[in-house]
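Asks: Only the shape, not the letters, is given here:
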């Protein structure tokens, strides 16, 4: 499959999870200057994790439009040199938001539908940024050089068949045409990289302690859900997809049960909501400008395709 540099948008994020139950009761007193939280919701599915910041994220449709325009400009550039370029359709974008919400440094992992079959589903994923031309191994070395702007030795490709090569190659020309790489449709694309939700928030520390005690009662010793997800025992081993071990299934089952019994996910969503609201209130001007700029980029992309 031919994948371009911006196709790192399909990479798995870091760590997100979902489950839990909630009482619907208001939160207790806040400490440490953390923003106040409202009622704690009941969270039983990934789709129940709805945050205020979601309204500001780049839409999948916008990202796809930008990728399509980059590909169109890149293909026209390559054609000028008589070289092939057959971009693959972007993959993994449609469910990326849900995948992101299944893993978070704040609450670890949660997938109530498949956890017992798939364990923690730890995946090596793709790098946060890829090299231009990556995935184009079927192209000739000359074509790869024109596409990515560098030859096999890493030196800048300045000309091909008597024609100058644009700085960064045809792919960079495509990226420049839409005002930069298409954003990943998550909060990292927002001004100041979106809201920061500290894992040391006092409400999360309290529920983490309760969760950890629950896990110990079942024979598992982890300080918080993120530590359970990050356990190196679950790292992929060898090539191909391998089924989870019985220990991994037992661990993730206990993890999810303890999330439910402590209402960890309800607390996590309430905490995320509080920090989202704080961020939105302090970034209204920047968010408005970002949204306007993204809309302009998507409008320009529409003119580049055809």
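Replies: Great, that's in hand. All figures in this text were calculated on a predicted structure; none of them were measured in a lab. Numbers count the residues shown, from 1 in each chain.
Asks: Can you show me the strands along the protein?
Replies: For the chain, the strands defined by DSSP state E occupy 103-104, 108-109, 159-160, 163-164.
Asks: For residue 43, give me phi and psi.
Replies: Torsion angles at residue 43 (phi, psi; degrees, to the nearest 10) stand at phi -120, psi 110.
Asks: Tell me the spacing between it and residue 140.
Replies: Distance of residue 43 to residue 140, given as CB to CB, to the nearest Å: 52 Å. Where you see a C-beta, it was placed from the backbone N, CA and C, and this is true even at glycine.
Asks: The two: which is more packed in?
Replies: residue 43 (27 against 11; other CB atoms under 10 Å).
Asks: The more buried one - nearest residue in space that isn't next to it in sequence?
Replies: Nearest residue to residue 43, sequence neighbours excluded (CB to CB, 6 or more residues apart in numbering): residue 265, at 4.1 Å.
Asks: Of the strands of the chain, flag the one that's most buried.
Replies: strand 108-109 (a mean of 29; mean count of other CB atoms under 10 Å).
Asks: For that one, which strands pair with it and how are they oriented?
Replies: strand 103-104 (antiparallel) (DSSP bridges).
Asks: to the chain's geometric centre, what's the distance from the partner strand?
Replies: Remark: strand 103-104 is offset 9 Å from the chain centroid, using CA atoms, centre = their mean, to the nearest Å.
Asks: Please apply the same query to stretch 83-100.
Replies: The answer for stretch 83-100 is 13 Å, by CA atoms, centre = their mean.
Asks: for stretch 158-178, same thing?
Replies: 29 Å.
Asks: Touching that stretch from outside, list them.
Replies: 4-6, 66, 69-74, 77-78, 80-83, 85, 132-133, 142, 145-150, 156-157, 181, 297, 300-301, 304 (CB atoms under 8 Å, 6 or more residues apart in numbering).
Asks: which among the residues you listed end up buried?
Replies: 4-6, 66, 69-74, 77-78, 81, 83, 85, 132-133, 145-150, 157, 181, 297, 301, 304 (16 or more other CB atoms under 10 Å).
Asks: who's in contact with residue 47?
Replies: residue 98.
Asks: Next, work out how far apart it and residue 271 are.
Replies: For residue 47, the distance to residue 271 - CB to CB - is 19 Å.
Asks: Just give me the neighbour total for the residue nearest to residue 43.
Replies: Around residue 265 there are 30 residues (other CB under 10 Å).
Asks: same question, residue 288
Replies: The local packing count at residue 288 equals 12, with neighbours defined by other CB under 10 Å.
Asks: now the one 4 residues further on
Replies: Using other CB under 10 Å, residue 292 has 10 neighbouring residues.
Asks: wait, doesn't residue 149 sit right on residue 77?
Replies: No: the criterion here is CB atoms under 8 Å, and residue 149 misses it with residue 77 at 10.9 Å.
Asks: What residues sit buried inside stretch 175-191?
Replies: Result for stretch 175-191 [16+ other CB under 10 Å]: buried residues 175, 177, 178, 181, 182, 183, 184, 185, 186, 187, 189, 190.
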